[in-house]
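K.L.:
Okay, structure incoming, though there's no sequence with it:
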């Protein structure tokens, strides 16, 4: 029976991998939601040059593989950045935060978060944009005619409705971020897929190693699905499903 | 300038690997892998979509569960499963290309199945009744009346899924299949000092393939909707 299960040592490795996957995904979800929102506004901007740039960004980042993008940032950064910047990134830094000490992340981690965020931004921007398009133009006019400014109308009238439309595809993108984080093993980040390969190589327990990792991913995806259902119920209008 | 010379010197290798002296690789293998998986995923996706529409009870629930499972796990995880399980199941040494193709087609088929399912449901019931009234069986109505109309609506879903699939062929890197991403990182490791132009070049090839598919599909879709 002992050979059928993973020993505590290997389970500990996998737990570390799972924590890394969750941590990376969490940071990327927050960062990409903010930058995706800004990119969506740029796509709808009245400034023509800004609009063209934003469109080009979406086209390029959506039509090339994430793995190539990660390779580009990870292997290319030392050539793109000045030497002093690379040295700064590779030396541990500490900020005196009260009570907690944050360990400075590895360069793999920085490249992974950066690459995943830029990739996810393009997809999230498109979902937010279609949400904004789903709000009838008359809503904006109605807001302006009651004396609200353009920003106030956007903030209090248009965005709450757009977010309700965007919410389901947005959570779908969050699931994609979790799944896409598996590619960062390609640049050597010790996340869940990476550790499952490590455990497999060390223990030869193929089924168990990949089984535990698969369950880990399904667990995170199920959690996001539950959050999505919760958010949908909270945002539901009275009298509507 | 130096960087362009590096790409020029490795151009053959990036485009088709060691072929014709050795096995096919690079961009040519990426294309082959994409086309093979795209065809397999379309056939499997259509069959699963039809099955999803017409199965009830336990079979229907089991099918929904399997499709949900395939959509919940990373492609990379399924590549691991097929890469290590296929040789065990078949008891022989399969080349790395086959497990990757299996994983890519299975995941794409799971997404396409839902598109096909939605497409079939979107055909008005009157079309079914009309088919039955001229004496068609259920299979014949599906084959001659419903599917031709439903497939037309599904073209955008198929194209989007295939673009995802083309990008996902890069994951073959993880199990060492010598497609474009693997070759690009090989060249980059060998040359050492020019990762930026090499990965830009590889990215550009993927971009051209994906954009070309998107463009062709857009043209085809316009052709479909124009009155005969």
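P.N.:
It's in. If you're wondering where the values come from, they're calculated on a predicted model, not measured in any experiment. Residues are numbered from 1 along each chain as shown, chains lettered A, B, ... in the order given.

K.L.:
now residue A:148: how far from residue A:141?
P.N.:
11 Å (Cβ to Cβ, to the nearest Å). Every residue, glycine included, has its C-beta placed from N, CA and C.

K.L.:
Equivalent analysis for residue B:109, please.
P.N.:
Separation of residue B:109 from residue A:141 (Cβ to Cβ): 46 Å.

K.L.:
More neighbours: which of the two?
P.N.:
Using other Cβ atoms under 10 Å in any protein chain shown, the more surrounded residue of residue B:109 and residue A:141 is residue B:109, with 24 against 10.

K.L.:
Packing partners of the longest helix anywhere in chain B?
P.N.:
Longest helix of chain B, by residue count under DSSP state H: helix B:195-225. Helix B:195-225 sits against helix A:66-80, helix B:2-9, helix B:11-16, helix B:26-54, helix B:147-168, helix B:180-191, with contacts defined as 3 or more Cβ pairs under 8 Å, 6 or more residues apart in numbering or on different chains; DSSP states H and E.

K.L.:
Those residues of chain B touching chain A, which are they?
P.N.:
B:69, B:72-77, B:80-81, B:84-85, B:163, B:166-171, B:173-174, B:181, B:184-185, B:188, B:193-196, B:199-200, B:202-203, B:206-207, B:210-211, B:214 (Cβ under 8 Å from any Cβ of the partner chain).

K.L.:
Let's see the PyMOL selection covering just the buried ones among those.
P.N.:
Buried subset of the residues of chain B next to chain A, written as a PyMOL selection, criterion 16 or more other Cβ atoms under 10 Å in any protein chain shown:
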select buried, chain B and resi 72+73+74+75+76+77+80+81+84+163+166+167+168+169+170+171+173+174+181+184+185+188+194+195+196+199+200+202+203+206+207+210+211+214
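
K.L.:
What ranges in chain A fall below the confidence cut-off?
P.N.:
A:1-4, A:95-102, A:238-241 (pLDDT under 70).

K.L.:
For it, what lies in contact range of chain B?
P.N.:
By Cβ under 8 Å from any Cβ, the residues of chain A that approach chain B are A:59-60, A:63-69, A:71-72, A:75-76, A:79-80, A:175, A:178-180, A:182-183, A:185-186, A:193, A:196-197, A:200, A:206, A:210, A:213-214, A:217-218, A:221-222.

K.L.:
Any regions of chain B where pLDDT drops low?
P.N.:
B:224-228.

K.L.:
Just to confirm, which residue in it is farthest away from the center?
P.N.:
residue B:133 (38.0 Å; Cα atoms, centre = their mean).

K.L.:
where along chain A do the helices fall?
P.N.:
A:8-43, A:48-62, A:66-80, A:83-90, A:107-133, A:137-145, A:150-153, A:159-180, A:192-203, A:206-235.

K.L.:
Next, the contact list for residue A:172, please.
P.N.:
Listed by Cβ atoms under 8 Å, 6 or more residues apart in numbering or on different chains, the contact set of residue A:172 is empty.

K.L.:
wait, residue B:16
P.N.:
Taking Cβ under 8 Å, 6+ apart as the test, what residue B:16 contacts is B:24, B:25, B:26, B:27, B:28, B:29.

K.L.:
can I assume residue B:78 is in contact with residue B:69?
P.N.:
No - counting by Cβ atoms under 8 Å, residue B:78 does not reach residue B:69; the two are 9.6 Å apart.

K.L.:
Number of residues surrounding residue B:105?
P.N.:
22.

K.L.:
Mind telling me what element it is part of?
P.N.:
For residue B:105, the element it lies in under DSSP states H and E is helix B:97-121.

K.L.:
what is the orientation angle of whichever helix or strand comes after that helix with helix B:147-168?
P.N.:
Next helix or strand after helix B:97-121 toward the C-terminus (DSSP H and E): helix B:125-133. In terms of direction (axes from the mean of the first three to the mean of the last three Cα atoms, to 10 degrees), helix B:125-133 departs from helix B:147-168 by 120 degrees.

K.L.:
Buried ones in helix B:125-133, by neighbour count?
P.N.:
Quick answer for helix B:125-133 (16+ other Cβ under 10 Å): B:128, B:131.

K.L.:
One more: stretch A:132-142?
P.N.:
A:132, A:135, A:140.

K.L.:
Any chance you could list what contacts stretch A:9-28?
P.N.:
Residues contacting stretch A:9-28 (Cβ under 8 Å, 6+ apart): A:6, A:109, A:112-113, A:116-117, A:120, A:174, A:177-178, A:181-182, A:184, A:189-196, A:198-199, A:202-203, A:205, A:209, A:212-213, A:216-217, A:220.

K.L.:
try it again with 6 Å
P.N.:
The contact list for stretch A:9-28, computed with Cβ atoms under 6 Å, 6 or more residues apart in numbering or on different chains, reads A:113, A:116-117, A:177-178, A:181, A:191-192, A:195, A:199, A:203, A:212, A:216.

K.L.:
cool, and stretch A:216-228?
P.N.:
A:18, A:171, A:174, A:175, A:178, A:192, B:72, B:73.

K.L.:
The same query, at a cut-off of 7 Å, please.
P.N.:
A:18, A:22, A:168, A:171, A:174-175, A:178-179, A:192, B:72-74, B:77 (Cβ atoms under 7 Å, 6 or more residues apart in numbering or on different chains).

K.L.:
Tell me the one among those residues nearest to residue B:123.
P.N.:
residue A:168 (24.4 Å; Cβ to Cβ).

K.L.:
what's the burial count for the closest one?
P.N.:
14.

K.L.:
OK, contacts around it?
P.N.:
Residues near residue A:168 by Cβ under 7 Å, 6+ apart: residue A:228.
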